[in-house]
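The following block contains a protein sequence and its predicted model.
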Amino acid sequence: MKLFKYLFIVPVTLFLSTAFVGCSKEVGLRTPPSFENTNLIFNSAAKDTILLASNDVDWFFADLYVNHKMLDFSEVKSYTKDIPKKADNKLDFVYKFENDWFSIEKLDNRKIRVLLKENQGELSRAMSFVASVGNATKKIEIVQKPK
């Protein structure tokens, strides 16, 4: 029994106690971009505005929704730049996407340009996207009211 205790119980106990004490919950956590307003509601008029973040983190576009339907970036016109030859995911380098009524462009890590065409329809239209830094995200929602 003493042999079992020294060969199994003591090493396992030491390993578990070291794992619990040595690990910090902050390891690997990121800080999302902190845009000042993430729920924007505009009237039906055309709009050209800049969203500002108070911090400077290197984020990329993720999850895109149009009228509450999740889209793939291939379903909208998207623009990329500075893609390294060995990039795993080229979507991480999208800096602008657009469709028939909006254009969203990452100007830099602190600014996003939002362009909306006039809403001449009878229904509100909505779009949202996620600005992501690995495990940290910020969802920005935009609604444009009808005429």
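Here it is on my side, so go on.

any chance you could map the helices in this protein?
Ranges of helices within the chain are 2-4, 10-22, based on DSSP state H.

for the chain, what are the low-confidence residue spans?
Low-confidence segments of the chain (pLDDT under 70): 1-28.

try 80 this time
1-29, 73, 87-92 (pLDDT under 80).

need the contact list for residue 67.
Counting by CB atoms under 8 Å, 6 or more residues apart in numbering, residue 67 touches 125, 126, 127. The way it works is simple: take the backbone N, C-alpha and C, and place the C-beta from them, glycine included.

Restricted to strands, list those residues.
125, 126, 127 (DSSP state E).

Distance-wise, check the closest residue to the first one other than its chain neighbours relative to residue 44.
Going back to what we said before, that points to residue 125. In this structure, residue 125 finds its nearest non-sequential neighbour in residue 144, 5.2 Å apart by CB to CB, 6 or more residues apart in numbering. From residue 144 across to residue 44, the span is 7 Å (CB to CB, to the nearest Å).

More neighbours: the two, which one.
Taking neighbours as other CB atoms under 10 Å, residue 144 and residue 44 compare with residue 144 leading, 24 against 16.

correct me, but the more buried one touches residue 49?
No - using CB atoms under 8 Å, residue 144 is not in contact with residue 49, being 11.7 Å away.

intersection of neighbour lists for residue 144 and residue 44?
residue 119.

In contact with the closest residue to residue 110 other than its chain neighbours, which residues?
Of all residues not flanking residue 110 in the chain, residue 53 sits nearest, at 4.7 Å (CB to CB, 6+ apart). Going by CB under 8 Å, 6+ apart, residue 53 touches 33, 34, 35, 36, 109, 110, 111.

quick one: which of the residues you listed is most hemmed in?
Taking other CB under 10 Å as the neighbour criterion, residue 33 ranks highest of these with 25 neighbours.

Could I get the contacting residues of it?
For residue 33, the contact set (CB under 8 Å, 6+ apart) comprises 53, 55, 57, 59, 109, 110, 131, 133, 138.
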